[in-house]
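Trainee: Here is the input, now give the coordinates:
(one chain, ligands or ions: 3)
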Amino acid sequence: MPKALGFAAQAADKPLEYFEFERRDPTENDVEIEIAYCGVCHSDLHQARNEWGGTVFPCVPGHEIVGKVTRVGKKVTKYQVGDTVGVGCMVDSCRTCANCEDGYEQYCDNGFVGTYNGEDKHSGGVTFGGYSNRITVDQDFVLKVSDKLDLAGVAPLLCAGITTYSPLRHWGVRDGHKVGVVGLGGLGHMAVKLAKAMGAEVVLFTTSPSKVEDAKRLGADHVVISKDEEQMKAWRNRLDFILNTVAAPHDLDAYLTLLRLNGTMTLVGVPAESHPSPAVYNLIAKRRSLAGSLIGGIAETQEMLDFCAEHGITSDIEMIAMDDINEAYERMLKSDVKYRFVIDMATLKQK
Ligand code: NAP
Ligand code: ZN
Ligand code: ZN
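Mentor: Ligands and ions are numbered 1, 2, ... in the order given. From the prediction side, this is the model:
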């Protein structure tokens, strides 16, 4: 079995460090990928530090993977050696439940197999993610990546892109809608770009006054400093839809009251501690909805990648070396990300 190099957390309170392990040789339906870049999602940090519980150590995070196909199994029809491909948050699912059959593998009733910290059907152990030089994945969970786009900027689309694209599509965001995006981090900056490309008027809510100019450059029509009550009040009852990407517990009422009649706020952030419960009256008063959304299915992820290729959309990234990952996590905790860290896997050397 081929040896893989990577970076792993050995315990919740330990920094990530160099780690060697084995990847399987491609089975007949597998694609082997040499990883060029891997994005750094806030979920990687939550899981490496066991903030959601259930992390198995050692943990190799990373689910925003792009690279080149190096080998394919006998029955692989979708990919050839040399193709540019991507892998997101899932590497398998049961494929037989109603949700899988409908293309909602992320909502698999039997639980999808996460790209890392998932139950590996092949080894019987745990899956290892993209902070690594190679990965072997079933062809049905591999995505085609256009060579038209900058590859490093594509990596974050595999999680941040699809996690924001899917709810924007599901709740029917289109021309003329006023859409709020809360938090300008990895997910938030993709939400701004995607909502804008779908024709919405975009209002970005941030706790960071230093991000105002960037938010406008990224496509926001209006930027609101969420700590400023007067600025918040000006948007009461006006938004059709809000996508809330914040990774920390906060007051949801401050945003629910900005929704117009029948408006929805969808949460995609998964803070370690729950949000305080919103006031029921704010939902009742304007028949508002509070919802959640999890990544996106494989077919929808391909649709999102094709949409991004068509509209020239990639992530704004800050490239880092593999050795810089622990510092990147600390900066992420301070909301100091512009707007996604991406690991250049050429910097991962055998130690
Ligand atoms: P990120 O890059 O760290 O961005 C989060 C942003 O939230 C920050 O940049 C900041 O924006 C804002 N924020 C942070 N702390 C805050 C606080 N205490 N109060 C208010 N705002 C705060 O994280 P990310 O990678 O985009 O991920 C965001 C969340 O989504 C994480 O919890 C992650 O696990 C989750 N996630 C969920 C899914 C899903 O399928 N549902 C998929 C991927 C990630 P400002 O500086 O602009 O305020
Ligand atoms: Zn993610
Ligand atoms: Zn299923």
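Trainee: check contacts around V181.
Mentor: By CB atoms under 8 Å, 6 or more residues apart in numbering, V181 lies in contact with G188, A191, V192, A195, V202, V203, L204, F205, A220, I242, L243, T245. Quick note: C-beta positions are derived from backbone N, CA and C, even for glycine.
Trainee: could those go into TSV alongside secondary structure and pLDDT?
Mentor: Shown next, in TSV, are the contacts of V181 (DSSP: H, G, I helix; E, B strand; the rest coil; pLDDT from 0 to 100):
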residue	secondary structure	pLDDT
G188	helix	98
A191	helix	98
V192	helix	98
A195	helix	98
V202	strand	98
V203	strand	98
L204	strand	98
F205	strand	98
A220	coil	98
I242	strand	99
L243	strand	99
T245	coil	98
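Trainee: between those, which is nearest A4?
Mentor: T245 (31.2 Å; CB to CB).
Trainee: give the contact list for the closest one.
Mentor: T164, V181, V182, G183, G185, L187, G188, A191, V268, G269.
Trainee: so which of the contacts of V181 also contact ligand 1?
Mentor: Checking those against ligand 1 by CB under 6 Å from any ligand atom, the ones in range are G188, T245.
Trainee: Please identify, among the contacts of V181, the one with the most neighbours.
Mentor: For the contacts of V181, the largest number of neighbours (other CB atoms under 10 Å) sits with A191, at 35 neighbours.
Trainee: Count the neighbours of the residue nearest to it when sequence neighbours are not counted for me.
Mentor: Once flanking residues are discounted, A191 sits nearest to T164: 3.9 Å by CB to CB, 6 or more residues apart in numbering. Neighbour count of T164, defined by other CB under 10 Å: 30.
Trainee: right, and T164 touches L187 too?
Mentor: Yes: with contact defined as CB atoms under 8 Å, T164 reaches L187; the gap is 5.5 Å.
Trainee: which residues touch A309?
Mentor: By CB under 8 Å, 6+ apart, the contact set of A309 is S146, K148, L149.
Trainee: tell me which element it is part of?
Mentor: For A309, the host element (DSSP states H and E) is helix 298-311.
Trainee: re earlier: could you flag which of the contacts of A309 are buried?
Mentor: Neighbour counting by 16 or more other CB atoms under 10 Å classes L149 among the contacts of A309 as buried.
Trainee: In whichever helix or strand comes after the helix holding A309, which residues are buried?
Mentor: Remark: after helix 298-311, the chain's next helix or strand is strand 317-321, criterion DSSP H and E. Under the neighbour-count criterion of 16+ other CB under 10 Å, strand 317-321 has I317, I320 buried.
Trainee: go on, stretch 30-47?
Mentor: Under 16+ other CB under 10 Å, the buried positions of stretch 30-47 are 30-33, 35-47.
Trainee: which ones among those come in contact with ligand 1?
Mentor: C41, H42, S43, H46.
Trainee: Any chance of those residues in JSON lines with pLDDT and secondary structure as columns?
Mentor: JSON lines is the format used below for those (pLDDT from 0 to 100; DSSP: H, G, I helix; E, B strand; the rest coil):
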{"residue": "C41", "pLDDT": "98", "secondary structure": "coil"}
{"residue": "H42", "pLDDT": "97", "secondary structure": "helix"}
{"residue": "S43", "pLDDT": "98", "secondary structure": "helix"}
{"residue": "H46", "pLDDT": "97", "secondary structure": "helix"}
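Trainee: Convert the C-alpha atoms of stretch 300-316 to PDB, please.
Mentor: Taking C-alpha atoms only, stretch 300-316 is exported to PDB below (Å, rounded to 0.1, in the frame of the first residue of the first chain):
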ATOM      1  CA  GLU A 300     -25.100  19.600  -6.600                       C
ATOM      2  CA  THR A 301     -21.400  20.000  -5.900                       C
ATOM      3  CA  GLN A 302     -20.600  19.400  -9.500                       C
ATOM      4  CA  GLU A 303     -23.300  21.900 -10.500                       C
ATOM      5  CA  MET A 304     -21.700  24.500  -8.200                       C
ATOM      6  CA  LEU A 305     -18.200  23.900  -9.600                       C
ATOM      7  CA  ASP A 306     -19.600  24.300 -13.100                       C
ATOM      8  CA  PHE A 307     -21.500  27.500 -12.100                       C
ATOM      9  CA  CYS A 308     -18.200  28.900 -10.600                       C
ATOM     10  CA  ALA A 309     -16.300  28.000 -13.800                       C
ATOM     11  CA  GLU A 310     -19.000  29.800 -15.900                       C
ATOM     12  CA  HIS A 311     -19.000  32.900 -13.700                       C
ATOM     13  CA  GLY A 312     -15.200  32.900 -13.000                       C
ATOM     14  CA  ILE A 313     -15.700  32.500  -9.300                       C
ATOM     15  CA  THR A 314     -13.000  31.200  -7.000                       C
ATOM     16  CA  SER A 315     -12.100  31.800  -3.300                       C
ATOM     17  CA  ASP A 316      -9.900  34.600  -2.200                       C
END
